[in-house]
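Trainee: 3D, please:
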Amino acid sequence: VVKFLRCMQQHGYIGEFEIIDDHRSSKIVIELTGRLNKCGVISPRFDVPYDEIEKWIVNLLPSRQFGHVILSTTYGIMTHEEARRKKTGGKILGFFY
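Mentor: Have a look, this model is predicted:
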(Lines give C-alpha, C1' and ligand atoms only; values in the text may rest on other atoms or scores of the structure.)
Protein backbone atom coordinates (compact mmCIF):
# COMPACT_ATOMS: atom_id res chain seq x y z
CA VAL A 1 0.00 0.00 0.00
CA VAL A 2 2.78 2.44 0.90
CA LYS A 3 4.68 1.83 -2.36
CA PHE A 4 1.44 2.32 -4.33
CA LEU A 5 0.95 5.66 -2.53
CA ARG A 6 4.56 6.65 -3.26
CA CYS A 7 3.95 6.09 -6.99
CA MET A 8 0.87 8.31 -6.77
CA GLN A 9 2.89 10.94 -4.88
CA GLN A 10 5.74 10.91 -7.42
CA HIS A 11 3.29 11.69 -10.22
CA GLY A 12 1.59 14.47 -8.23
CA TYR A 13 -1.80 12.86 -7.67
CA ILE A 14 -1.60 13.08 -3.86
CA GLY A 15 0.38 15.25 -1.44
CA GLU A 16 2.07 14.07 1.73
CA PHE A 17 0.83 11.00 3.60
CA GLU A 18 1.57 9.76 7.08
CA ILE A 19 1.07 6.38 8.73
CA ILE A 20 -0.53 6.58 12.16
CA ASP A 21 0.16 3.47 14.22
CA ASP A 22 -2.18 3.04 17.15
CA HIS A 23 -1.69 -0.46 18.49
CA ARG A 24 -4.99 -1.84 17.16
CA SER A 25 -5.06 -0.89 13.51
CA SER A 26 -2.76 1.39 11.53
CA LYS A 27 -4.27 4.28 9.59
CA ILE A 28 -2.89 6.28 6.70
CA VAL A 29 -3.75 9.99 6.44
CA ILE A 30 -3.40 11.31 2.88
CA GLU A 31 -3.34 14.92 1.73
CA LEU A 32 -5.41 15.12 -1.46
CA THR A 33 -4.44 17.64 -4.13
CA GLY A 34 -7.72 17.51 -6.08
CA ARG A 35 -6.11 15.85 -9.10
CA LEU A 36 -7.17 12.26 -8.36
CA ASN A 37 -10.36 11.20 -10.16
CA LYS A 38 -10.34 7.44 -9.68
CA CYS A 39 -8.11 4.89 -8.02
CA GLY A 40 -8.67 1.15 -8.17
CA VAL A 41 -7.16 -2.20 -7.28
CA ILE A 42 -7.16 -5.18 -9.64
CA SER A 43 -7.94 -8.45 -7.90
CA PRO A 44 -6.83 -11.11 -8.63
CA ARG A 45 -3.38 -9.85 -9.58
CA PHE A 46 -3.18 -10.97 -13.20
CA ASP A 47 0.15 -11.74 -14.86
CA VAL A 48 0.82 -9.16 -17.57
CA PRO A 49 3.58 -9.97 -20.07
CA TYR A 50 5.45 -7.05 -21.65
CA ASP A 51 3.55 -7.34 -24.95
CA GLU A 52 0.11 -7.26 -23.24
CA ILE A 53 0.63 -4.07 -21.17
CA GLU A 54 -0.99 -1.98 -23.92
CA LYS A 55 -4.18 -4.09 -23.79
CA TRP A 56 -4.55 -3.43 -20.05
CA ILE A 57 -3.91 0.30 -20.49
CA VAL A 58 -6.70 0.52 -23.09
CA ASN A 59 -9.12 -1.34 -20.78
CA LEU A 60 -8.35 0.56 -17.55
CA LEU A 61 -7.40 4.13 -18.42
CA PRO A 62 -9.64 6.78 -20.07
CA SER A 63 -6.98 7.83 -22.61
CA ARG A 64 -3.39 7.00 -23.58
CA GLN A 65 -1.66 10.02 -22.06
CA PHE A 66 -3.78 10.16 -18.92
CA GLY A 67 -3.33 8.03 -15.79
CA HIS A 68 -1.07 5.20 -14.67
CA VAL A 69 -1.26 1.43 -14.23
CA ILE A 70 0.86 0.03 -11.37
CA LEU A 71 2.73 -3.25 -11.90
CA SER A 72 4.74 -5.40 -9.50
CA THR A 73 7.79 -6.51 -11.48
CA THR A 74 11.07 -8.22 -10.68
CA TYR A 75 12.58 -4.69 -10.57
CA GLY A 76 10.05 -3.53 -7.94
CA ILE A 77 6.70 -1.75 -8.02
CA MET A 78 6.49 0.70 -10.93
CA THR A 79 4.14 2.34 -13.41
CA HIS A 80 3.43 0.91 -16.85
CA GLU A 81 5.70 3.53 -18.44
CA GLU A 82 8.72 2.46 -16.38
CA ALA A 83 7.96 -1.21 -17.10
CA ARG A 84 7.87 -0.47 -20.83
CA ARG A 85 11.21 1.33 -20.65
CA LYS A 86 12.75 -1.65 -18.86
CA LYS A 87 10.96 -4.05 -21.24
CA THR A 88 9.50 -6.13 -18.41
CA GLY A 89 6.09 -7.45 -17.45
CA GLY A 90 4.71 -8.34 -14.03
CA LYS A 91 1.59 -8.66 -11.96
CA ILE A 92 -0.96 -5.87 -12.21
CA LEU A 93 -1.74 -4.18 -8.86
CA GLY A 94 -4.02 -1.27 -9.70
CA PHE A 95 -4.51 2.01 -11.52
CA PHE A 96 -5.17 5.69 -10.90
CA TYR A 97 -6.06 8.76 -12.94
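Trainee: so how far is residue 1 from the residue sitting furthest away from the middle of the chain?
Mentor: Distance from the centre of the chain peaks at residue 23, with 27.8 Å (Cα atoms, centre = their mean). Going from residue 23 to residue 1 by Cβ to Cβ, to the nearest Å gives 19 Å. Every residue, glycine included, has its C-beta placed from N, CA and C.
Trainee: then residue 48?
Mentor: From residue 48 to residue 1 the distance is 20 Å (Cβ to Cβ).
Trainee: so residue 26 is in contact with residue 2, correct?
Mentor: No: look at residue 26 against residue 2 with Cβ atoms under 8 Å: they stay out of range, at 10.3 Å.
Trainee: joint contacts of those two?
Mentor: Common contact partners of residue 26 and residue 2 (Cβ atoms under 8 Å, 6 or more residues apart in numbering): residue 19.
Trainee: the helices in this structure, which residues?
Mentor: Remark: helices assigned in the chain by DSSP state H are 2-10, 53-60, 80-85.
Trainee: pull the contacting residues for the nearest residue to residue 41 once chain neighbours are set aside.
Mentor: Closest residue in space to residue 41, ignoring its immediate chain neighbours: residue 94 at 4.3 Å, by Cβ to Cβ, 6 or more residues apart in numbering. By Cβ under 8 Å, 6+ apart, the contact set of residue 94 is 4, 39-42, 69-70.
Trainee: how about 6 Å then?
Mentor: 40-42, 70 (Cβ atoms under 6 Å, 6 or more residues apart in numbering).
Trainee: of those, which is the nearest to residue 62?
Mentor: Nearest to residue 62 out of those is residue 40 (Cβ to Cβ; 12.3 Å).
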